[in-house]
Each structure stands twice: as structure tokens, then as C-alpha cells.
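Engineer: Everything below, folded, please.
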Amino acid sequence: MPVIEVSHLTKEYRLGAMQGLKQTLLNTAARLFGKKVEERPLFKALDDVSFSIEQGEVVGIIGHNGAGKSTLLKMLAKISTPTRGSVKVDGRIAPLIEVGAGFVPDFTGRENVYLNGAILGMSKQEIEKKFDEIVDFAEMAEFIDTPVKRYSSGMQVKLAFAVATSMDSEILIVDEVLAVGDLAFQQKCIERMESLIKRDGRTVLIVGHNIRQLQRICSRVILLDHGRISLDGGSSEVCGAFYREAQERNIARHIDYEGEITPQQGSGTIRVKKIELFNDKDELVEGVGLHEPLIVRVSFECNKPLVRPEIVIGLHTSDFVHVISVSNALPDIRPNLDKGLHQVLCRLSDIPLRPFSYSLRLVFLDQYRQTLWYAENILPVKVSPGSYDVTRLPEIGLIDVATGWSFSRPNINTSIPN
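Structural biologist: Here you go, the predicted structure:
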């Protein structure tokens, strides 16, 4: 039986500034006399959304900014009410939404732990029982009796996260809070979330923009697009579709296919005219097969002579994970370039990337490694399975490294290490 059931959920907002009391009364009077009142347009943050979640499911909710993710979580947490439709929740909810919003600056950390815990529905006895654990997890023992107004924003969120995740509940709703504090604390947050999921078997809904993190944690992902469910399925399938959409938007935003390529950073010394991809047969291509070579040809113009410039060519994912980066500095092939037009060829002898669509990155640096020209998302580079059976690849990972395998029977007189 589902623990969360959402049926035809719609949430509408009236666009524009709120009206004053006087204007509201005038509009009401006009309606009473049958006069037409100009209404501001309605915006549907959620539009006829329906789904159900079973006990123990870990569901990620992703989508572009404004897709309706946070609005949906607020509906589920009973923070906001729907315009139409219904939300049924069977179980106690711990909402990690706008974590730390209820902290009082003049109260100490200790006082805010009790206050925040009470806001979340914890009894005083529950808070007292978990107090030391909360403080230890947040790494705040030294500052717990200091007023919160003297905390950094990171310290406040760390303490709030510790309070919220200590709550005993059947359902955990998380909104953009897995990236709090420094890198070490972020890892603690992820480990705590995984512990709550695996140890306690809680039902968890997570909204976030770190898609790779959600893909790893969640068994199911819902993709929202302009308030509607665009896709609902396994995490790899839905996250893959989201990556493709994001890459298409990024490429369209950064490249002018008709003219020269505009850099995101540049000194005016270099003008890149054209970038082309070729295979080993000198054929113009849009991509490459797994473990096949790829040749990148860059046509550019120098507005002044350059001494031993460095050129970096790379590939990255739609969420800017830089998976390949090569430079002419390592083999020390760095000729001086005169003013005028030039071409450079870079042959990538083996593309080890798993089949997907990536983007090209290009950088020109001077001899002192100062940036002359820099751009990402220049053009898509599609990696296909080539001659390989893609179904034999492991489910996760970005790179396929050439390996050697061998099996043998151990000598019976040789001990096998544990």
C-alpha cells in the first residue's frame, strides 16, 4: 500500500505584486456591480501531477529551475495547500526544507536546537535524548552556547541538518540540503542519508541539482518539466534523459554555428574560426565509437605573434564533469605562432568514454599560462558503442579502461590471503 499518494495535484499562483486592501475592496465592489476586473495571469507551479510512493522507496525529484520541485515538496510536507487535487501521506514526516529558517539569531545554538526540534514536532524528551548526538554530528560542541547570530551561515545549516535528520519519522523529505558545509561535512551528510535509508528503511524524497549524487542514492527518479511529470522511472534512465536535455540547452546557449565561436573568456588575442571532428579516414564526423580515435581540428587566427602557446582540448559532461583534458604542453609541442591564420590538429588515439553525448572544451594559454581564449559547450561529441556490446558494460562509471583478465587455480601449498 502506498505511503504517499498524489492525485491530480495542481498549484496555481497569481503573477504580479500583491494588491493592497484598497484595491482589493474596489475590485470586489466592481464584481458585485457586474463590472469586468482585469485579472493578473495565473501561473501553474504544478499542473495535474499524479504518482504514488511505496514504503521504503528512495525517490529523487529533478528538473530545471522553476519546474515545480520545491513546490511539490511543500505540498507533501503540508507547508502549502493545493489549488486542486489531493495529497495523502501515511506516516510521520521529517521535512528538511529551508533548513535553519526557524533559527532565532539572539538564541544560543542550544536554545535553537530545542526550538527547531519542537517546530519539527519532536518532544522535549526526544530532543534531550538526542542532544549530544546532534551536537557531535554538527561538530558544534565548542560553540553550542554561543548566540546563533555569531555563527557563519555554514555553521547554522550544519546544526539545522543535524537536528532535522535526528528526528524519528517514517518519511523523510529533503530539499537541496546534501551540499551543506565543507567537503568533509558534505560526505558526513551523504553517509547519514544512506544510513537512514539502508538501516531504517525510511521512505525518502530528495530534491537536488547534484544529479550524479541522486542517481547513486535513489532507486527511482521523477523528472518535472514546467509543473508536469516528464518522466518517472529508474534513476539511470531518468537522469540520463535529464543530462541530454541539459546538454542540448547548454550547447544552444554557447555556440553560434553560423559564425566564429564566442569564448566565455578571452583577451582578444585569439579568434577561433572553426572546430571540426574527423575520424581516422579523414571523414567529418559528429562523434566517435568507444575506444576509437578522434581528431579535432581547430582553425584560428592570432592577432599578434605568440611564443610557445599552450592549447588544451577536453570533453566534459552536461554537468561539467571534465572527463578528458589533453594539452600540447605535456609532449612539449609548442611552436611559436606568427600573426595570422593557423590550424592545429589533435589526435585522441583512444576515446575511453562510455556511450553518451559529451561537449568539447577548448583553451588557449600563453607561455605564462595566462588565459587567451576559453570556451566550454562548444559542440557536442557523441560517443557510440562502436564495435562493443554496450549491454556488457557495468551500470555505473564514465570511463572504460583497457584491462587484462586471467584466472588460475592457486597452488594448494600456497595460502590464500583473506
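
Engineer: ok, the closest residue to residue 66 other than its chain neighbours to residue 370 distance?
Structural biologist: What sits nearest to residue 66 in space, not counting adjacent residues and going by C-beta to C-beta, 6 or more residues apart in numbering, is residue 226, at 7.7 Å. Glycine gets a C-beta too; all of them are placed from N, C-alpha and C. Distance check for residue 226 against residue 370: by C-beta to C-beta, to the nearest Å, it reads 43 Å.

Engineer: Between those two, which has more neighbouring residues?
Structural biologist: Neighbours were counted for residue 226 and for residue 370 using other C-beta atoms under 10 Å; residue 226 has more, 14 against 10.

Engineer: Residue 292 versus the residue nearest to residue 365 when sequence neighbours are not counted, what's the distance?
Structural biologist: Of all residues not flanking residue 365 in the chain, residue 310 sits nearest, at 4.2 Å (C-beta to C-beta, 6+ apart). Distance, residue 310 to residue 292, using C-beta to C-beta: 26 Å.

Engineer: for residue 374, same thing?
Structural biologist: 28 Å.

Engineer: Can you show me the helices along the stretch 1-150 of the chain?
Structural biologist: 21-32, 69-76, 109-119, 124-138 (DSSP state H, counting those that start in this stretch).

Engineer: Nearest to residue 183 among the ones you listed would be which one?
Structural biologist: helix 124-138 (16.0 Å; C-beta to C-beta).

Engineer: List the buried residues in that closest one.
Structural biologist: 126, 127, 130, 131, 134, 135, 137, 138 (16 or more other C-beta atoms under 10 Å).

Engineer: from these, which is closest to residue 268?
Structural biologist: Looking across the buried residues of helix 124-138 and measuring by C-beta to C-beta, the closest to residue 268 is residue 138, at 49.2 Å.

Engineer: Residue 169 versus that closest one, what's the distance?
Structural biologist: With C-beta to C-beta as the criterion, residue 138 and residue 169 are 19 Å apart.

Engineer: ditto for residue 346
Structural biologist: For residue 346, the distance to residue 169 - C-beta to C-beta - is 54 Å.

Engineer: Equivalent analysis for residue 240, please.
Structural biologist: Distance from residue 240 to residue 169, by C-beta to C-beta: 31 Å.

Engineer: try residue 199
Structural biologist: From residue 199 to residue 169 the distance is 14 Å (C-beta to C-beta).

Engineer: what about the helices in the stretch 151-300 of the chain?
Structural biologist: Under DSSP H, counting those that start in this stretch, the stretch 151-300 of the chain gives helices at 153-165, 183-200, 211-217, 235-254.

Engineer: Pick the most buried one from those.
Structural biologist: Each of the helices of the stretch 151-300 of the chain was scored by mean neighbour count; the highest is helix 153-165, a mean of 22, by mean count of other C-beta atoms under 10 Å.

Engineer: Figure out how far that helix is from the centre of its chain.
Structural biologist: Put simply, helix 153-165 sits 21 Å off its chain's centre (C-alpha atoms, centre = their mean, to the nearest Å).

Engineer: cool, and stretch 310-329?
Structural biologist: For stretch 310-329, the distance to the chain centre is 20 Å (C-alpha atoms, centre = their mean).

Engineer: cool, stretch 164-172 as well?
Structural biologist: The answer for stretch 164-172 is 24 Å, by C-alpha atoms, centre = their mean.

Engineer: outside of it, which residues touch it?
Structural biologist: Residues from elsewhere that reach stretch 164-172 (C-beta atoms under 8 Å, 6 or more residues apart in numbering): 3-4, 55, 89-96, 99, 116-117, 120-122, 126, 130, 133-134, 137, 177, 192-193, 196, 202-205.

Engineer: which parts of that stretch are buried?
Structural biologist: In stretch 164-172, counting by 16+ other C-beta under 10 Å, buried: 164, 165, 166, 167, 169, 170, 171, 172.

Engineer: Now do the fifth one against residue 226, distance only.
Structural biologist: In this view, residue 169 and residue 226 are 31 Å apart by C-beta to C-beta.
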